[in-house]
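> quick one, fold the following:
(2 chains)
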Amino acid sequence: GNSVTQMEGPVTLSEEAFLTINCTYTATGYPSLFWYVQYPGEGLQLLLKATKADDKGSNKGFEATYRKETTSFHLEKGSVQVSDSAVYFCARNTGNQFYFGTGTSLTVIP
Amino acid sequence: DTAVSQTPKYLVTQMGNDKSIKCEQNLGHDTMYWYKQDSKKFLKIMFSYNNKELIINETVPNRFSPKSPDKAHLNLHINSLELGDSAVYFCASSLNGEGYEQYFGPGTRLTVT
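Below you'll find the model as predicted:
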C-alpha cells in the first residue's frame, strides 16, 4: 500500500539538543518526500523536500536524506531552539495524491 | 499577498445548521484540496479538485459537498452539522504532478455546539 509512518510524539527536548524524527514510507515506485511544519494556530508549511533517491533536503538547520534502501526520510537538526516547537509532518506524494504521517509534536524547553 | 486564504477563520454554530467555508488561491495552481485535522493533529484528506474536476473523494459523509466555481476557488459546504464535525479544516493547493509541494491556508476552526 501507500503510507507514511513517523515516530509518535510528543517529543520534549532542551534547547541545543539534537533532534531526530523518524519517518518511513511504503510506495510503489519512487515518490517525492516532504517534511512540513505546523506552528501553533497556523497551517502547515513546507520545511524541506527531496524528489529522488540520495537527495538531501535542508532548511533552517533541518536536514533529511531520501534513503531508498531503507525507505526512510528522517528529519534531523543539530541544535534545536525554543522557536522550533511545533508539529512536524512527514509526507509523500505520487502525482496529485499526498499521504501524510500522523505528525510529531515537538516542545523545546529553555 | 496571501497565497491560500480561507474564510472564516473561526466558525461557531449549532448542530443541524448548514455552513460554508471558502478557499481561494492566487498561485495559479491547478489542484486544490480540503483536509480535516482533528484534536490529535491527525490530517485527513477529504477532497481534491484538479481544474474544477473532482479527483479525490475520500469516505466522508454526504453532508459535505465541495464546489469549485473556477480553478482558483474550492469551497466546502456542510449540511446538518454534527458535534463530530468540530475540527480545523485546511484548504491547500499545488501544481500538477510529482514533486510539487502543497501550500496550505491558515485553517478554519469549526466548533459545533
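> least trustworthy helix or strand in the chain by mean pLDDT?
In the absence of a named chain, chain A is used. Ranked by mean pLDDT, DSSP states H and E, the weakest helix or strand in chain A is strand A:97-100, scoring a mean of 89.
> should've been chain B
Going by mean pLDDT, DSSP H and E, chain B bottoms out at strand B:53-57, a mean of 80.
> picking up where we left off before, which residues sit against the least confident helix or strand of chain A?
For strand A:97-100, contacts defined as Cβ atoms under 8 Å, 6 or more residues apart in numbering or on different chains pick out A:2-4, A:25, A:36, A:89-93, B:33, B:43, B:45, B:48, B:56, B:94, B:102. No exception for glycine: its C-beta is placed from N, CA and C like everyone else's.
> rewinding a little: buried ones in the least confident helix or strand of chain B, by neighbour count?
residue B:56 (16 or more other Cβ atoms under 10 Å in any protein chain shown).
> ok, stretch B:15-30 next?
Applying 16+ other Cβ under 10 Å to stretch B:15-30 flags B:19, B:21, B:22, B:23, B:24, B:25, B:29, B:30 as buried.
> I'd like those residues as CSV, with distance to residue A:16 and secondary structure appended.
Formatted as CSV, the buried residues of stretch B:15-30 follow (distance: Cβ to Cβ, whole Å; DSSP: H, G, I helix; E, B strand; the rest coil):
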residue, distance to residue A:16, secondary structure
B:19, 46, strand
B:21, 41, strand
B:22, 43, strand
B:23, 39, strand
B:24, 41, strand
B:25, 38, strand
B:29, 39, coil
B:30, 43, coil
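> all strands for the chain, in order.
Picking chain A for this. Shown for chain A, the strands assigned by DSSP state E span residues A:3-6, A:11-14, A:19-21, A:23-26, A:32-38, A:45-50, A:56-59, A:62-65, A:75-77, A:86-94, A:97-100, A:104-109.
> wrong one, I was asking about chain B
Under DSSP E, chain B gives strands at B:4-7, B:10-13, B:19-25, B:31-37, B:43-50, B:53-57, B:64-70, B:73-78, B:87-94, B:103-104, B:108-112.
> how about the residues of chain B near chain A?
B:4, B:31, B:33, B:40-43, B:45, B:48, B:50, B:55-56, B:90, B:92, B:94, B:96-107 (Cβ under 8 Å from any Cβ of the partner chain).
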